[in-house]
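Novice: Got a predicted structure plus its sequence, pasted below:
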Amino acid sequence: MDHTDLTPALSILERENTGSGSLIMILQKIQEDYGYLPKDVLDMLAKRMNIPIAQILGTATFYAQFRFEPIGRYVIRVCHGTACHIAGADKITDILRQNLEIQEHETTGDGLFTLERVACIGCCSLAPAVMIDDQVYGSLTLDRILRIIKDYRKRTP
Amino acid sequence: MPRYRMNLMVCTGTGCVSNGAFEIQEALEYELKRFGLEQEIQIVTTGCNGFCANGPIVVVQPEGIFYQKLTVDVIPHLVEEHFLKGRPVPALMYTPPREKSPVPHMREIGFFSKQRLIALANRGIIDPEVIDEYIARGGYKALAKALTAMDPHRIIDEIKKSGLRGRGGAGFPTGVKWEICMAQPGKEKYIICNADEGDPGAFMDRSIVESDPHAVLEGMLIGARAIGARQGFIYLRNEYPLALKRMLQAIEQAREYGLLGDDILGTGFSFDVSIHRGAGAFVCGEETSLIHSLEGRIPHPRVRPPFPAQSGYHGKPTNINNVETWANVPHIIRHGAHWFAGIGTERSKGTKVFSLVGRVNNTGLVEVPMGITLREIIYDIGGGIKSGKKFKAVQMGGPSGGCIPAEKLDTIIDYDSVVQTGAIMGSGGMVVMDEDTCMVEVARYFLAFTQDESCGKCTFCRIGTKRMLEILERITRGEGREEDLETLETLAVNIKKGSLCGLGQTAPNPVLTTLRYFRHEYEVHIRERTCPAKQCRGLITYRIVADRCVGCGACAKKCPVRAIAGERKSVHVIDQETCITCGICYDVCRFDAVEVV
């Protein structure tokens, strides 16, 4: 099995305060860098921070934000907040599942897209809305979300 | 400093940005330069204007002319006509639904005219990324007053007298909360701003942070002074990148100006703030959970007492308030408790910010005086129900709240009146539902949310919500049983009693209120196996009306399970065995040839 390159994680540990209470922040920085939380990195973290691996995993798996599998280049987060729900968020997820040929929390074979759901992105006026990385797309129709996905595909060489 | 004859306030809240506000800003810059107007007219990027449904928005000051739904193509015309020749462009103004002529001035638009701005006083007026603009609007004056002319007791007294109650949902009196924390022994105390807006269907706190981050910081500084804290935390939701960016900038600028850090304004008072990004757990809305999360732990709530004011962050006295509560504080200190207490009802003072969304014409962020009725908010500010449909219910308080029916539309906004309906004021989510919304499905939706977010500590919440959800899923699939409603009610009461924190104690509310006001909808689902709103996917079928189908094939192409067959230019048919009733065919058909039965 390939081992993950620990260098970026080590430099995060050097840079950041690793005192008590910093675990979630460290996990966030690691996920920003790697896109997910690799097992090797978490093992290393447990040793360096002197926290049992069970506690690290217990904390990380509790929060919706953390992922344990590599992600695609773009992360699509379909908002399932109340306003989006009554505006048809389920249909947006359905059409994306069909178009990308993956289920929620999976990544496309070409490594381009990961499909996620999020409780609310706070853009309720623009329901139904989707966030691709940090960009919000609102007032979507099924056609429009498909066109947006097509654009992302095009701009990727 | 250059003087401009005109200011163009470009809304750059998350909503308008996603509709292309930055492209509008660039186009305006380009055109102003082209006409040589850049020395006369200034572009100001502001936080959320509130009328998110109609973005991108530009307000022209000092006249107050409101332009909406702008596109890059219309900018050259707008700049030439209005900004060069002085002829405002009616085609780009707002026309209320069912009316013909546009309303040019922002203050005359129904959406704005009934609002009363305190927490959002600076929205759309200042650039949230420039501290000088906040200061120019009287910002940090309240801090100076609190530090130089008031002792902690007087600050707390003022907040108590103002009648301010927590805007995060429960409505606990803010001044009393501060007083308890201040009275605790020990020098190490903390204050926290809860900006982990977890309610689906709400974005008040995001907009406040995006449009006026310094108001929150100033509120925290005053609170810290009153309580005796040196360190504060802002627990900010991770899904809000723009709010994070603006708050980080605000903290940086406040430090540069000596408004955060050591010896603030030379008074010997020291205080600093750091941001902690939430990681996505609804239970963190509960104070003890949030503190556990700040400490880097699993956010399980714990038994109270001791309350956080007695033993909070690392066992030290800690005071938590939500974003909107903090944003109210500087105004109370500046204008006095008496002024604040003059707004609102007897037991609910001041204003409340709501995110008004769902099936209303004017969706967006609104701030209204307490005491206004739901009807005024939905019809006068919200402009009524979209596409002339019939109002069914307004959901308040998110997963902890409930659905208020048409006969209760004259309920006033006030903590106690809202509770009487079975809903709660909550943090301010207000989702309007029309006749096409199925109330059983809405109850199922909220239960699915709370069941997923239950931390698992209390058995009643962990397993009880799961059982309730299973029953609701069965009912929406058309497999409901006569005894289900009674079981739901029993479970609801027990979950409320047997849960430690607010999540479990309020989780059954959406079910209880829909059972109270829309019981017949449940009964129809169970007895007749139909969904009156035609929303429950297990109880409806989609059919193609042969007379209307032109055989364009659009539905067949979009169907995710390839359940639609038919030759080109001939009538298509849906295979009911394969169909998963997602409704995509219904949405894409341009000939109304797909019907729901």
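Specialist: Cool, got the structure.
Novice: quick one: low-confidence ranges for chain A?
Specialist: By pLDDT under 70, the low-scoring segments of chain A are A:1-2, A:20.
Novice: After the lowest-mean-pLDDT helix or strand in chain B, which helix or strand is next?
Specialist: When the helices and strands of chain B are compared on mean pLDDT, DSSP states H and E, helix B:584-588 comes out lowest with a mean of 85. Once helix B:584-588 ends, the next helix or strand along the chain (criterion: DSSP states H and E) is strand B:594-596.
Novice: Tell me the helices and strands packed up against that following strand.
Specialist: In this structure, strand B:594-596 makes packing contacts with strand B:542-544, helix B:584-588, judged by 3 or more C-beta pairs under 8 Å, 6 or more residues apart in numbering or on different chains; DSSP states H and E. Backbone N, C-alpha and C define where each C-beta goes, glycine included.
Novice: The first one near chain A at all?
Specialist: No. In terms of C-beta under 8 Å from any C-beta of the partner chain, no part of strand B:542-544 sits within range of chain A; the closest distance is 12.4 Å.
Novice: same deal with the last one?
Specialist: Yes. Contact of helix B:584-588 with chain A is found when judged by C-beta under 8 Å from any C-beta, involving B:584, B:587-588.
Novice: how about residue 111, what does it touch?
Specialist: Picking chain A for this. Contacts for residue A:111 (C-beta atoms under 8 Å, 6 or more residues apart in numbering or on different chains) come out as A:70, A:72-73.
Novice: Can you look at chain B instead?
Specialist: Counting by C-beta under 8 Å, 6+ apart, residue B:111 touches B:50-51, B:362, B:364, B:366, B:381-383.
Novice: can you list the residues of helix B:584-588 next to chain A in JSON lines and add neighbour count and distance to residue A:115?
Specialist: As requested, the residues of helix B:584-588 next to chain A are arranged in JSON lines below (neighbours: other C-beta atoms under 10 Å in any protein chain shown; distance: C-beta to C-beta, whole Å):
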{"residue": "B:584", "neighbour count": "25", "distance to residue A:115": "17"}
{"residue": "B:587", "neighbour count": "17", "distance to residue A:115": "20"}
{"residue": "B:588", "neighbour count": "19", "distance to residue A:115": "21"}
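Novice: Outline the domain layout of chain A.
Specialist: Structural domains annotated on chain A: A:7-62, A:74-155, as defined by automatic domain parsing.
Novice: what separates the shortest one from the chain centre, distance-wise?
Specialist: Same thing as domain A:7-62. 16 Å (C-alpha atoms, centre = their mean, to the nearest Å).
Novice: Can you measure across that domain, start residue to end residue?
Specialist: Taking C-alpha to C-alpha, to the nearest Å, the first and last residues of domain A:7-62 lie 26 Å apart.
Novice: what comes up buried for the one helix or strand residue A:116 maps to?
Specialist: Using DSSP H and E, the element containing residue A:116 is strand A:113-118. For strand A:113-118, the neighbour count (16 or more other C-beta atoms under 10 Å in any protein chain shown) marks A:113-118 as buried.
Novice: just to revisit the earlier point, nearest to residue B:109, out of the domains of chain A?
Specialist: domain A:74-155 (15.7 Å; C-beta to C-beta).
Novice: which residues sit in contact with the nearest residue to residue B:63 once chain neighbours are set aside?
Specialist: Closest residue to residue B:63 apart from its sequence neighbours, by C-beta to C-beta, 6 or more residues apart in numbering or on different chains: residue B:105 at 7.3 Å. Neighbouring residues of residue B:105 by C-beta under 8 Å, 6+ apart: B:63-66.
Novice: near chain A, which residues of the stretch 151-300 of chain B show up?
Specialist: Contact residues, the stretch 151-300 of chain B versus chain A (C-beta under 8 Å from any C-beta): B:197-203, B:206, B:237-241, B:276-277, B:279-282, B:293-299.
Novice: so where's the longest helix in chain A?
Specialist: helix A:142-155 (DSSP state H).
Novice: Which positions in that helix come out as buried?
Specialist: Across helix A:142-155, burial judged by 16+ other C-beta under 10 Å covers A:142, A:145-146, A:148-149, A:152.
Novice: Also stretch A:69-82?
Specialist: Using 16+ other C-beta under 10 Å as the test for burial, stretch A:69-82 gives A:71-72, A:74-82.
Novice: and these, which of them are in strands?
Specialist: A:74-79 (DSSP state E).
Novice: before we move on, which element is residue B:159 in?
Specialist: Element membership of residue B:159 [criterion: DSSP H and E] is helix B:152-162.
Novice: Check which element follows that helix along the chain.
Specialist: Next along from helix B:152-162, by DSSP H and E: helix B:174-182.
Novice: Mind giving me the packing neighbours of that following helix?
Specialist: helix B:152-162, helix B:213-227, strand B:318-322.
Novice: helices or strands next to whichever helix or strand comes after that helix in the packing?
Specialist: Using DSSP H and E, the helix or strand that follows helix B:174-182 towards the C-terminus is strand B:190-195. Helices and strands touching strand B:190-195, by 3+ C-beta pairs under 8 Å, 6+ apart, are helix B:213-227, strand B:231-236, helix B:287-294, strand B:318-322, helix B:323-335.
Novice: Show me what the next helix or strand after strand B:190-195 packs onto, helices and strands only.
Specialist: Beyond strand B:190-195 on the C-terminal side, the first helix or strand identified by DSSP H and E is helix B:204-211. For helix B:204-211, the elements it packs on are helix B:213-227, helix B:241-256, helix B:323-335, strand B:351-358, judged by 3+ C-beta pairs under 8 Å, 6+ apart.
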